[in-house]
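Trainee: give me a 3D structure for the following:
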Amino acid sequence: MKTQSIVFGLLAMFSLSAIADAPKVCVALRGNGFRVAAHFGAMSRVVEEVGVPDAMVGGSSSNITMFITESAVMNPWLPQDAEAKKEAIAFLLKSVPEYMLNVTHYDVIKDVRDLAGNAEDQKRIKEVFERFNSIRNPLKFGYAAWVFATEGLFRNLLHIKNSVYTQEAIHPEFLAYMGKTSELKKDLKKEEDPIKHEILKSVIAYREKQVADAIGSASKFDARTDVNLFFRPGIIHHKGLAHIFDRIASFYAGYNMHSKKLREGTQKWIQTCAPQSKGLTFREIEAKNPFCGTELRRISLSYLKSYDRISSRMRTCTETDEIDARCKRFRHDDRLGKKILTYSMTSVMRGETVAAYNKMAAEFDMTSDPDFGNKFKGKVEDFRIGYFGDEAKLNAAKNRLSAPFVDQAGRPQDFTQDFKSNRIVALGEARWNQALPASAAEPGQSRPVPATLSSGEKVLTFGGWADPNSAHVLKGLDCKTTLAVMTSTKVGYNFGEQVIKRLMPDMTGIQELNDEEIAYGTDDMTSQFAQWRNPKNPLSSENISLKAADGVMCTQWDEESALDTTRTLEENFRALAEIGYVGKTIINDHVPSQHNIRKSGLATFEKEDNVFDTKWNRPLYNGCIAI
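Mentor: Here you go, the predicted model:
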């Protein structure tokens, strides 16, 4: 024992002296899909109470959070005073959900929103399309022209169809797949060979089902029964979504503020509303001073109109151009880590699995085999967890995790047997419009996205479901304070486990598990899945990452009050943002009393508070506390 103490003491001396520019405040974010508003509440609280992040890591939808958080830190109108700057950045993050809601009142997005909420309009659209399909002669096109010319509803549909937002959001692969299906229908009419006719008829029926499944799985699916999850083209174009979210990120970074009135209005809004905003949600800030809400609505809609008028012929800004220069620049073109060291996480397959997938993907185009997708079996040994971002620093972190060390809180760390730490692979530096699609493009929404390692090896990325908590990577970077933003629940969040079952069916220890066993764990401590995700295994990667964090912000973003379907979109979104802001934090036992997280104003809870909740039929903070 004495020898071990000496060894760790030497390791501590080496660790603290080896990384002189180690990040001070680091945040690991769990992806949360459409609940992303809760992230901004949580991040604003981190900034207020602990500090502006020096490093961030996350996957899936948390890329949006990191993208916009870094943008807020880049804002040109932040005050110079350190405390005032923190308060202003936190204020900007609190305002993001409101900005997002303002987008839904803008142009074509408002048309889509109005249509989605109007049952009578949906009924009329169905009637017209049924009538159109029932007409068996060229007069059908005259009927269509008359309807679109005389009814405002259908003019709005054309507006939606031709909008840049629609063109960016829908995947070109999906449209091409639909187009090819239409071409095959024409070929079917010409095919005279009865055997070929039946084969082609089966292929067309199969493809039509894939189109329907793609539309349905964009929001919900079951990976265990969805056999073609990895093969059919998804409807969502995540590279296009990166462009859409750029309209938010570029606003907060002060990009493309060509109008003097807009620049002055944004500056005045920050200077008026950020002071004395600490400890308040955006709704409370707005209640204190209604200008803060009304002015955000004005400048955000003005910015969106200005952004969408940017000409392709306008010159691209250089690094030396001032913010008032008549040039264009977009945040999605920036590399990760422009202001904050950032890593975008995604699942990776390499080796034989890539070759097997590519072969089957080529065959999928003309198959009618209902069991097609079940024949694909990714190999566990080909699985990696990849990170876009500064490759040299990631490799340094990876090397640090390969041997025991002592962290900045003075605690011994050992990741040498950790499932996740042994599967880290660097995907290299990337722009946001490369990293965000590869991480956010989850199975069901998109096919795997190709990537290339620095060695030249071609790999496939399968989305950011693989690691809900990458705190171990931040520990490898020698962060002084590491916070993980998590959710209290586990039941209902088995998306990643479903994907594992289909992607790697030969992984030991998962195929026989039901949702409850996945959520609460089993007595299995040795299988591959148990080493990765078994909540009951103290040495599972899930528990190791929770224990590695200095603090875990527990945000109940699945809470019933925030997702009440009878509420308006605005109310749900704002409720989520506030839940994120007031989320409680568990500060791990190893953190010494003098540590800045101990002295922060974060609302904390103890393990004893993890009482059984009869409403949710689970312990209250089950997803945030390590075994």
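Trainee: pLDDT below threshold where in the stretch 201-350 of the chain?
Mentor: For the stretch 201-350 of the chain, applying pLDDT under 70 flags the ranges 218-221.
Trainee: so who does Gly463 touch?
Mentor: Applying Cβ atoms under 8 Å, 6 or more residues apart in numbering to Gly463 gives the contacts 59-60, 346-347, 438-443, 446, 499. C-betas here are computed from N, CA, C, even on glycine.
Trainee: dihedrals phi and psi, it?
Mentor: With angles defined as degrees, to the nearest 10, Gly463 sits at phi 100, psi 170.
Trainee: after the helix or strand where Ala38 lies, which helix or strand is next?
Mentor: Using DSSP states H and E, Ala38 sits within helix 37-49. Using DSSP H and E, the helix or strand that directly follows helix 37-49 along the chain is strand 55-59.
Trainee: residues in contact with the helix or strand just after that next one?
Mentor: Proceeding N to C from strand 55-59, the next assigned helix or strand is helix 62-73, under DSSP H and E. Residues outside helix 62-73 that contact it (Cβ under 8 Å, 6+ apart) are 29-32, 36, 39-40, 43, 52-53, 56, 58, 89, 92-93, 96, 245, 248-253, 331-332, 338-340, 342, 344, 432, 435-436, 439-440, 464.
Trainee: redo that, cut-off 7 Å
Mentor: For helix 62-73, contacts defined as Cβ atoms under 7 Å, 6 or more residues apart in numbering pick out 29-31, 36, 39-40, 43, 52-53, 56, 58, 89, 92-93, 96, 245, 248-249, 252-253, 331, 338-340, 342, 344, 432, 435-436, 439-440.
Trainee: may I have the helix or strand that it is followed by as CSV, with CA atoms only?
Mentor: Going down the chain from helix 62-73, the next helix or strand is helix 82-103, by DSSP H and E. C-alpha atoms of helix 82-103 as CSV (Å, rounded to 0.1, in the frame of the first residue of the first chain):
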residue,chain,number,x,y,z
ALA,A,82,-14.4,38.8,-16.3
GLU,A,83,-17.4,38.5,-14.0
ALA,A,84,-19.6,40.7,-16.3
LYS,A,85,-18.5,38.6,-19.3
LYS,A,86,-19.5,35.4,-17.6
GLU,A,87,-22.9,36.9,-16.8
ALA,A,88,-23.4,38.0,-20.4
ILE,A,89,-22.4,34.6,-21.8
ALA,A,90,-24.8,32.9,-19.4
PHE,A,91,-27.5,35.4,-20.5
LEU,A,92,-27.0,34.6,-24.2
LEU,A,93,-27.2,30.9,-23.5
LYS,A,94,-30.5,31.4,-21.6
SER,A,95,-31.9,33.3,-24.6
VAL,A,96,-31.1,30.5,-27.1
PRO,A,97,-34.4,28.6,-26.6
GLU,A,98,-36.3,31.8,-27.1
TYR,A,99,-34.4,32.5,-30.3
MET,A,100,-35.2,29.0,-31.5
LEU,A,101,-38.9,29.6,-30.8
ASN,A,102,-38.7,32.9,-32.8
VAL,A,103,-37.4,30.9,-35.8
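Trainee: just give me the neighbour total for His171.
Mentor: Applying other Cβ atoms under 10 Å, we find 22 residues neighbouring His171.
Trainee: ok, now which ones touch it?
Mentor: With Cβ under 7 Å, 6+ apart, His171 has these contacts: 233-237, 446.
Trainee: scan these and report the most crowded one.
Mentor: Neighbour counts for those peak at Ser446, which has 27 neighbours (criterion: other Cβ under 10 Å).
Trainee: quick one on the thing from earlier: only the buried subset of the contacts of helix 62-73, as a PyMOL command please.
Mentor: In PyMOL, a selection of the buried entries from the contacts of helix 62-73 looks like this (16 or more other Cβ atoms under 10 Å):
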select buried, resi 29+30+31+36+39+40+43+52+53+56+58+89+92+93+96+245+248+249+252+253+331+339+340+342+344+432+435+436+439+440
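Trainee: tell me the contacts of the closest residue in space to Gly31 that isn't next to it in sequence?
Mentor: Excluding its sequence neighbours, the residue lying closest to Gly31 (Cβ to Cβ, 6 or more residues apart in numbering) is Ser60, at 3.0 Å. Shown in contact with Ser60 (Cβ under 7 Å, 6+ apart): 31, 439-440, 442, 463-465.
Trainee: and for stretch 602-617, what's in contact with it?
Mentor: Against stretch 602-617 from outside (Cβ under 7 Å, 6+ apart): 45, 49, 551, 582, 584-587, 619-621, 625.
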